[in-house]
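Asker: coordinates only, no sequence provided:
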């Protein structure tokens with residue numbers, strides 16, 4: 001279980017790849033007077049310089065002379081949430097077509113040009129944004145940016161390229177349907193939040209993809225890549241002014257200098273989706289050796305508040321690894337599963353508990369996990385568990401900020417989700433200030449197991465009687481076929 005999805009890692013090469021999952025393949029967190037010892041000081045985070053491009057758009061740049069190349073990402077706010085759920089396939093198809101280079105060049109010539117420039121160009125998507133990334137030596141950056149914009153302005157929107165991209169996407173999707181954990185991860189937040197724009201990331205399904213046309217790609221490109229709502233982040237061995245000059249000349253001059261507007265995006269109010277009774281969704285798939293079990297609870301846990309730090313500790317103790325409460329009880333002691341965990345979502349107002357097991361262990365896993373959560377909610381962590389979790393989270397945070405692009409990763413998240421920068425800058429001091437009582441209070445207030453959603457995947461003929469035996473009323477149970485997932 002990864003605790004620090006809240007702190008995504010960027011490598012200096014291929015910066016864009018960490019911005020989001022591959023959309024074509026994806027279906028793709030001392031009140032008892034005890035002394036826990038001295039705490040290291042908060043590490044110094046390299047400050048990014050923020051300057052304005054000629055249209056007022058922000059550019060966040062961190063100069064690092066140790067890097068051999070410049071990594072630049074142009075982000076267009078809105079992203080997948082601008083399109084309805086049935087048209088999410090547009091984003092993955094765009095990504096494949098853009099990889100072929102501009103319409104005036106063969107793919108071979110395009111790749112050869114990138115080789116000569118010692119550069120990489122990528123197009124990606126994540127919740128709330130689409131993006132272009134360019135990684136290039138400083139003296140070749142201008143030409144690499146020109147090439148990237150050329151691809152965007154003149155993509156190979158041709159029937160044969162579209163057909164090939166769609167066939168490739170279909171093949172990837174079919175393979176992804178065998179990843180049961182991935183299927184549940186795709187469905188659960190979208191279904192729970194009624195396909196709210198914030199749950200969309202450009203992933204699609206075999207049911208929706210056939211309805212996407214070439215006309216959909218051409219008609220939505222300007223909306224998805226609107227420079228009016230674009231900003232940039234970069235790092236490398238040059239000054240911010242150098243990046244600004246290139247973007248002003250190559251990008252903005254080519255697309256006009258329309259004044260930048262920070263696009264307002266809809267957010268999820270978890271209270272709207274909370275209900276007094278648990279709603280159960282069974283996804284039918286034959287021949288499943290291990291049935292997937294996924295609890296999802298809508299809950300308002302702001303990202304950049306002390307509650308968040310207390311929540312990270314709580315979930316680390318409850319379901320964060322081999323030594324967590326859930327793993328010790330359900331795996332080590334009872335032998336019901338090989339894996340179980342709980343975590344806070346890094347982007348959505350929810351927390352989850354997930355596991356898997358044979359049909360004979362489903363009831364024991366569902367009931368056992370709920371009992372353990374309720375037990376933890378009433379008591380919270382022990383002093384020893386609390387101390388160990390603090391140490392683990394500190395190590396995880398330190399590792400998450402050691403790479404050159406880590407600060408820019410945080411900057412992107414702050415810009416897209418309006419998080420307070422102080423959360424990252426003072427995380428370790430906040431971790432140090434969080435008390436055992438704070439975590440106990442969080443557990444009591446936020447780890448409610450009443451209501452929420454229970455998603456299961458397996459043979460519905462077996463799972464339906466099982467959930468009824470657990471006391472879930474039939475009126476709250478929905479059964480769907482795997483291939484009917486939107």
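Answerer: Happy to help now that I have it. Since the structure is predicted, the reported quantities are computational estimates derived from the model, not experimental observations.
Asker: next SSE after the helix or strand of the chain with the lowest mean pLDDT?
Answerer: Here the helix or strand of the chain ranked lowest by mean pLDDT, DSSP states H and E is helix 421-425, holding a mean of 80. The first helix or strand that comes after helix 421-425 along the chain, using DSSP states H and E, is helix 427-433.
Asker: and that following helix, how far out from the chain middle?
Answerer: The chain centre lies 24 Å from the centre of helix 427-433; the measure is Cα atoms, centre = their mean, to the nearest Å.
Asker: may I see the buried residues of the helix or strand following that helix?
Answerer: Of the helices and strands lying after helix 427-433 in sequence (DSSP H and E), the nearest is helix 436-446. For helix 436-446, the neighbour count (16 or more other Cβ atoms under 10 Å) marks 436, 438-443, 446 as buried. For glycine as for every other residue, the C-beta is placed from the backbone atoms N, C-alpha and C.
Asker: do the same with stretch 214-224
Answerer: 214, 216-217, 220-221, 224.
Asker: which residue ranges of the stretch 201-350 of the chain form strands?
Answerer: In the stretch 201-350 of the chain, the strands defined using DSSP state E, counting those that start in this stretch lie at 230-236, 279-284, 291-298, 340-344, 350-357.
Asker: what strands line up against the first one, and which way round?
Answerer: Strand 230-236 has its sheet partners listed here by DSSP bridges as strand 58-63 (parallel), strand 70-77 (antiparallel).
Asker: nearest to residue 390, out of those strands?
Answerer: Taking Cβ to Cβ, strand 58-63 is the member of these nearest to residue 390, at 28.6 Å.
Asker: what residues does the closest one touch?
Answerer: Contacts with strand 58-63, where a contact means Cβ atoms under 8 Å, 6 or more residues apart in numbering, come from 46-53, 231-240, 243-244, 247, 260, 404, 407-408, 411, 415.
Asker: what mean pLDDT does stretch 260-279 have?
Answerer: When pLDDT is averaged over stretch 260-279, the result is 94.
Asker: no wait, stretch 203-219
Answerer: Averaging pLDDT along stretch 203-219 yields 97.
Asker: gap between that stretch and the chain center?
Answerer: The chain centre lies 22 Å from the centre of stretch 203-219; the measure is Cα atoms, centre = their mean.
Asker: so who does residue 439 touch?
Answerer: Shown in contact with residue 439 (Cβ under 8 Å, 6+ apart): 310, 313-314, 317, 380-381, 386.
Asker: repeat for residue 109
Answerer: residue 101.
Asker: pop the domain breakdown of the chain in here.
Answerer: 3-255, 270-484 (automatic domain parsing).
Asker: want to throw these into JSON lines with distance to residue 264?
Answerer: Formatted as JSON lines, the domains of the chain follow (distance: least, Cβ to Cβ, whole Å):
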{"stretch": "domain 3-255", "distance to residue 264": "9"}
{"stretch": "domain 270-484", "distance to residue 264": "10"}
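Asker: looking at those, which has the lowest confidence?
Answerer: Lowest mean pLDDT within those: domain 3-255, a mean of 85.
Asker: pull the distance from that domain to the chain's centre.
Answerer: Distance of domain 3-255 from the chain centroid (Cα atoms, centre = their mean) equals 12 Å.
Asker: check stretch 294-313 too.
Answerer: Taking Cα atoms, centre = their mean, the mean C-alpha location of stretch 294-313 is offset from the chain mean by 15 Å.
Asker: for it, buried residues please.
Answerer: Under the neighbour-count criterion of 16+ other Cβ under 10 Å, stretch 294-313 has 294-299, 301, 303-304, 307-313 buried.
Asker: what's the answer for stretch 48-60, then?
Answerer: For stretch 48-60, by 16+ other Cβ under 10 Å, it's 48, 53-55, 57-60.
Asker: next: stretch 466-473.
Answerer: Under the neighbour-count criterion of 16+ other Cβ under 10 Å, stretch 466-473 has 466-467, 472 buried.
Asker: the stretch 1-150 of the chain: strands as residue ranges?
Answerer: 49-52, 58-63, 70-77, 120-126, 129-136.
Asker: take these and write them to TSV, including distance to residue 102.
Answerer: Shown next, in TSV, are these (distance: least, Cβ to Cβ, whole Å):
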stretch	distance to residue 102
strand 49-52	29
strand 58-63	25
strand 70-77	17
strand 120-126	11
strand 129-136	13
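Asker: for those, which one sits closest to residue 342?
Answerer: Going by Cβ to Cβ, the one of the strands of the stretch 1-150 of the chain nearest residue 342 is strand 120-126, 23.8 Å.
Asker: helices or strands next to that closest one in the packing?
Answerer: Judged by 3 or more Cβ pairs under 8 Å, 6 or more residues apart in numbering; DSSP states H and E, strand 120-126 is in contact with helix 89-98, strand 129-136, helix 141-153.
Asker: the ones you listed: which one's closest to residue 82?
Answerer: Among these, strand 129-136 comes nearest to residue 82, with 9.0 Å by Cβ to Cβ.
Asker: which elements pack onto that closest one?
Answerer: In this structure, strand 129-136 packs against strand 70-77, strand 120-126, helix 141-153, with contacts taken as 3+ Cβ pairs under 8 Å, 6+ apart.
Asker: quick one: it to helix 141-153, angle?
Answerer: Interaxial angle, strand 129-136 versus helix 141-153 (axes from the mean of the first three to the mean of the last three Cα atoms, to 10 degrees): 140 degrees.
Asker: circling back: just say which of the strands paired with strand 230-236 is most tucked in.
Answerer: Per residue and on average, the most neighbours among the strands paired with strand 230-236 fall to strand 70-77, with a mean of 26 (mean count of other Cβ atoms under 10 Å).
Asker: okay, angle between it and strand 120-126 too, please.
Answerer: Angle between the axes of strand 70-77 and strand 120-126 is 30 degrees (criterion: the same axes, to 10 degrees).
Asker: show me what contacts residue 255?
Answerer: Neighbours of residue 255 in contact, by Cβ under 8 Å, 6+ apart: residue 227.
Asker: which among the strands of the stretch 1-150 of the chain is found nearest to residue 205?
Answerer: Comparing those by Cβ to Cβ, strand 120-126 comes nearest, at 15.7 Å.
Asker: quick one: strands adjacent to the closest one?
Answerer: The strands beside strand 120-126 in its sheet (DSSP bridges) come out as strand 129-136 (antiparallel).
Asker: ok, residues contacting the strand it pairs with?
Answerer: Residues from elsewhere that reach strand 129-136 (Cβ under 8 Å, 6+ apart): 12-17, 19-20, 69-80, 91, 117-125, 141, 143-145, 148, 152, 224-225, 412, 416.
Asker: buried subset of the residues you listed, written for ChimeraX?
Answerer: Of those, the buried ones go into a single ChimeraX selection, burial set by 16+ other Cβ under 10 Å:
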select :12,15,16,19,20,69,70,71,72,73,74,75,76,77,78,79,80,91,117,119,120,121,122,123,124,125,141,143,144,145,148,152,224,225,412,416
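Asker: isn't residue 430 right up against residue 304?
Answerer: No - the pair residue 430 / residue 304 is not scored as a contact, 9.7 Å apart, by Cβ atoms under 8 Å.
Asker: about what we covered before: next, format the strands paired with strand 230-236 as JSON lines and append distance to residue 322.
Answerer: Formatted as JSON lines, the strands paired with strand 230-236 follow (distance: least, Cβ to Cβ, whole Å):
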{"stretch": "strand 58-63", "distance to residue 322": "36"}
{"stretch": "strand 70-77", "distance to residue 322": "35"}
